[in-house]
Structures are given as structure tokens and as C-alpha cells.
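Undergrad: need coordinates for the following:
(one chain, ligands or ions: 2)
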Amino acid sequence: MRGERLTAAQHRLVAQLTRISESESIPLEAALGRYLADDVLAPVDVPPRAVSLYDGYALAGPVVSDSIWPVVGESFAGDSPPPLSTNAAMRIFTGSVLPDGANAVIAQEAVDRTGDAIRLNESISPGDGVRPRGADSRQGDCILEAGTRLDAPQLGLLASVGHGFVSVVRKPRIAVFTTGNELIQPGEPLAPGKIYNANHPMLVGALSRLGVTVLDLGCLPDDADRLRAALAGAATQSDLVITSGGVSVGEADFVRQVVEELGRVDQWRVFLKPGKPLAFGDVAGTPFIGLPGNPVSTFVTFFLFVRPAIRVLSGADPDIDRPPLRLPLAESRPAGDRPEFVRVRRTRDGAGQTNLSVFRNQNSGLLSSMAWADGVALMPVGVDLVAGDVVDYFPFEAWYL
Ligand SMILES: Nc1nc2c(c(=O)[nH]1)N[C@H]1C(S)=C(S)[C@@H](COP(=O)(O)OP(=O)(O)OC[C@H]3O[C@@H](n4cnc5c(N)ncnc54)[C@H](O)[C@@H]3O)O[C@H]1N2
Ligand code: MOO
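TA: Ligands and ions are numbered 1, 2, ... in the order given. As a prediction, the model looks like this:
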């Protein structure tokens with residue numbers, strides 16, 4: 001069987017998940033990377049009053065070139081100036097409140113000032129040089145929707161309307177463990193037949209970058225009883241359980257078997273390389289994702305499946321269908337029989353064009369390829385690609401958001 005199409009599998013996964021119901025009100029300065037629990041309304045207009053865009057002169061009246069205006073008073077940032085009478089100008093600065101009666105601001109470079117009068121060197125229209133009241137946010141309007149991830153610009157917007165606290169979804173608690181009798185913790189001496197556990201720090205690191213609460217259950221042997229106890233315990237304390245290894249078809253691949261006893265497994269064969277075997281289901285009602293053990297497959301499927309799941313648990317859209325970046329390949333690549341995410345790095349050629357260089361060996365066990373790459377590119381199935389052909393490119397940095 002060739003397996004399910006990637007996006008169909010991703011949609012099937014997220015369709016089975018719902019947002020965490022608990023939310024909390026936290027100070028803005030602690031909210032970076034969190035997801036809004038509710039729509040946020042603006043309690044005030046921003047700016048609260050019309051302000052000047054320039055260092056210049058506020059004008060009250062028809063504004064034509066060569067006209068001469070008396071300058072009466074000044075408005076500094078933070079002042080609340082008195083009204084301006086018709087046919088008069090007020091000295092004003094960028095961000096200062098426009099006096100009532102003024103209808104435009106002319107930049108100081110466009111006037112000649114002599115004593116207490118200015119002559120305009122150009123005509124301007126009513127409203128020029130002015131940021132009107134409510135131009136940014138209007139009182140009562142929804143400025144950010146529930147499910148929005150709070151990055152730096154969103155924190156700035158919330159602050160601009162005066163919100164010191166914000167209601168966010170409780171951080172997802174993600175239980176994670178790796179499996180395999182062959183695994184030794186780094187720092188320990190290596191024994192015959194063993195390898196170091198690379199997926200554990202990789203998964204904990206990726207989860208940490210996504211801003212979730214990590215319930216780190218370490219590494220478990222290929223032992224059904226130990227796995228059963230660990231999975232049952234993890235399910236009671238977390239919103240999602242993820243594992244690496246033990247989801248394939250071998251005799252020692254117990255994870256799938258134990259999840260089936262405790263809950264339910266959709267065993268997938270996703271039409272994808274790497275990351276063909278992947279298990280999804282639940283452990284006693286808690287969602288479960290079993291990632292394949294090959295480290296590259298673990299990393300790629302983490303971002304293809306665990307990240308959308310975490311976003312849905314957080315109340316956000318799963319971000320499955322966002323149009324990818326498109327960049328040309330630096331070299332040719334023969335057609336493959338599955339859609340393949342290959343490890344690539346952006347390079348710039350002599351003509352200044354940004355291209356994607358492909359790692360020389362795309363075996364799914366090679367961590368050196370992941371550490372070298374800055375992203376993956378999707379090779380469509382059955383297409384011989386030549387240098388310069390444009391492909392979808394997914395930078396790792398975008399996956400951490
Ligand atoms: N007969 C078949 N065999 C395999 C198939 C298949 O379809 N038929 N699929 C292959 C593919 S593709 C993958 S991917 C793996 C996935 O298998 P598992 O998820 O059961 O993973 P394991 O067998 O436990 O491990 C695979 C590989 O990765 C190494 N590994 C596992 N965990 C770690 C870790 N924490 N750190 C470093 N390396 C790890 C493990 O030693 C194996 O080499 O199945 C293929 N086989
Ligand atoms: O599908 Mo496996 O993930 O290629 O190594």
C-alpha cells in the first residue's frame with residue numbers, strides 16, 4: 001500500500017483534536033509565544049486624538065501655496081493644546097496632538113518662517129500630515145482573534161490599546177519519551193550493539209522551542225510492561241503523548257501494540273519520505289502520536305504532525321496549508337517514487353540568486369544532515385528536476401513558530 005497523502009493525513013490528525021479548555025490571564029510581558037484564548041477588543045481609540053505626522057505647523061483653514069499664516073502657540077508631544085482659530089498656524093511636532101480646528105499639518109521643510117509668520121511653499125489637502133483619531137485601532141473593534149499566536153508585533157498592538165494582561169490558553173503539556181533497547185544516554189560509555197540516544201534531546205529541544213510544557217519521561221526499553229505503565233501514567237498528566245521508535249512492523253516494535261491495548265491506533269503509512277510509518281491515536285482518551293525512530297524521520301514528522309497538533313491544542317489554526325516559500329534547486333535530482341522532503345541549505349550563486357543546495361546523502365538516519373541543513377525542500381513524486389527548477393522550501397526557523 002502506498003500510504004495516505006500527507007495533507008490528508010495531517011487534516012485527519014488535527015480533525016480529532018480540540019483546543020485545551022483552560023485559559024489564564026497573564027501579564028503582557030509573560031505572553032510571548034502564547035495563544036489568545038478570546039478575541040481581544042480595543043477599549044480605546046488609538047491614537048486617542050488626531051496627531052501630527054511631522055515636525056511642522058498645524059493649519060486651520062484652506063491650505064494653498066504662497067499663503068501667509070500667523071503662528072500662534074505650540075504643541076509638543078504629550079501636550080493637550082488649546083483650539084486653533086481659523087486661518088492660524090500652530091508649531092507642532094511629530095506625534096503631538098492636533099489642536100481642535102486644525103485640519104492639516106505641513107512639514108517645516110515646506111515653509112519659510114519669518115518671526116511669528118510662515119509662508120507655505122506648497123499646497124496641501126485637508127487631512128495631510130495628520131494621523132486621525134482611531135487610525136490604528138478603534139474602540140470596540142476586535143484587534144486580535146482568539147487563537148492568534150502572540151509574537152512581538154501582537155504584544156506591541158495589545159500594549160498600544162492599554163491591555164496590561166491578556167487571556168491565553170493554558171500551555172499544552174506534552175509527554176515525550178524515546179524507546180529502544182539499543183539506546184544509551186550521551187555521557188555514558190558505549191556498549192556493544194548500542195547507540196547514543198539522539199532523538200531525546202532533539203525532541204525535547206523542538207518542544208521547548210514551541211513553548212509547550214514538556215513532561216520528559218526519558219527513554220524506555222522495548223518492554224511491553226514498562227511501556228504500558230509509562231504510557232498510562234503519561235496520559236493522565238498530559239494533553240498529548242509523543243514517542244519515537246517502535247511504530248514499525250518488527251517484533252520489538254511494542255509501542256503500537258501497547259497503545260492499542262490502552263486506547264486506539266490509526267497506523268498510517270503516509271505517502272512520504274522520510275517518515276513513512278507513523279502512528280496516531282489515543283491512550284485512554286489522551287491523543288497520542290508515535291513518531292518513527294530514524295532521527296531524520298523523527299524530526300521531519302515532528303514538524304509535519306506534532307506541530308499542527310500543538311497549534312490546535314492551543315486554539316490556533318494548524319498551519320498545514322500555508323503557501324510555502326519557493327526557491328530554485330542548485331543541482332539536479334532524479335525523480336523519486338514518494339514525495340520526499342530533502343535536507344537543503346540556502347546558498348547564493350555568483351549571480352546573487354538564492355538557491356537550495358541538497359545534502360549529499362539523504363538517508364533518514366543521518367543527524368549530520370539535519371545539523372547541516374537550514375530546512376527541507378519537497379521533491380514532487382515522479383519528476384526529474386534540474387538545477388534552477390523551483391521547489392517548495394520549508395525553513396526550520398518557520399517551524400518553530
Ligand atoms: N520491514 C519494514 N521495516 C521497516 C519499515 C517498513 O516499512 N518495513 N520502515 C522503515 C522506516 S522507513 C522507518 S522510519 C523505521 C521506523 O521504525 P520504528 O519507528 O519502529 O523505529 P525503530 O525501529 O525503533 O528505529 C528505527 C531506527 O532509528 C534508530 N533510533 C530509534 N530511536 C532512536 C533514538 N532515540 N536516537 C537515535 N536513533 C534512534 C534505531 O536504532 C533504528 O536504527 O522502520 C524501518 N523499517
Ligand atoms: O520513512 Mo523512514 O522514515 O524513511 O526512515
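Undergrad: grab the nearest non-local neighbour of the residue of the stretch 1-150 of the chain found nearest ligand 2.
TA: Closest contact between the stretch 1-150 of the chain and ligand 2, by Cβ to the nearest ligand atom, is at Gly3 (9.5 Å). (Each C-beta comes from the backbone N, C-alpha and C, glycine too.) In space, and not counting its chain neighbours, Gly3 is closest to Arg269: 3.5 Å by Cβ to Cβ, 6 or more residues apart in numbering.
Undergrad: need the three-state assignment for the one you found.
TA: strand (DSSP: H, G, I helix; E, B strand; the rest coil).
Undergrad: surely it meets Gly275?
TA: No. In this structure Arg269 lies outside contact range of Gly275 using Cβ atoms under 8 Å: 10.3 Å.
Undergrad: of these two, who's got more company?
TA: Gly275 (26 against 13; other Cβ atoms under 10 Å).
Undergrad: and the more buried one, backbone torsions?
TA: With angles defined as degrees, to the nearest 10, Gly275 sits at phi 100, psi 30.
Undergrad: how close does it get to Leu304?
TA: 7 Å (Cβ to Cβ, to the nearest Å).
Undergrad: do the same with Gly218
TA: Taking Cβ to Cβ, one finds Gly218 at 25 Å from Leu304.
Undergrad: more neighbours, the two?
TA: Taking neighbours as other Cβ under 10 Å, Gly218 and Leu304 compare with Leu304 leading, 24 against 12.
Undergrad: how near is that one to ligand 2?
TA: Counting by Cβ to the nearest ligand atom, to the nearest Å, the gap from Leu304 to ligand 2 is 11 Å.
Undergrad: pretty sure that residue is touching Thr7, no?
TA: No. The pair Leu304 / Thr7 is not scored as a contact, 9.6 Å apart, by Cβ under 8 Å.
Undergrad: the strands in the stretch 101-250 of the chain, which residues?
TA: 104-107, 111-114, 117-120, 130-131, 142-144, 165-169, 173-179, 183-184, 195-196, 213-220, 240-244 (DSSP state E, counting those that start in this stretch).
Undergrad: buried sites along the worst-scoring helix or strand of the chain on mean pLDDT?
TA: Least confident helix or strand of the chain, by mean pLDDT, DSSP states H and E, is strand 263-269 with a mean of 86. By neighbour count on 16 or more other Cβ atoms under 10 Å, the buried set for strand 263-269 is 263, 265, 267-268.
Undergrad: hmm, the longest helix along the chain in reach of ligand 1?
TA: When the chain is scanned for its longest helix (criterion: DSSP state H), the result is helix 224-237. No. When contact is scored as Cβ under 6 Å from any ligand atom, no part of helix 224-237 falls within range of ligand 1; the minimum is 12.1 Å.
Undergrad: which parts of that helix are buried?
TA: 227-228, 230-232, 234-235.
Undergrad: does Trp69 sit in a helix or strand, and which one?
TA: strand 68-75 (DSSP states H and E).
Undergrad: name every strand pairing with the helix or strand just after that strand and say which way it goes.
TA: For strand 68-75, the succeeding helix or strand toward the C-terminus, using DSSP H and E, is strand 89-92. Using DSSP bridges, the strands paired with strand 89-92 are strand 56-59 (antiparallel), strand 68-75 (parallel).
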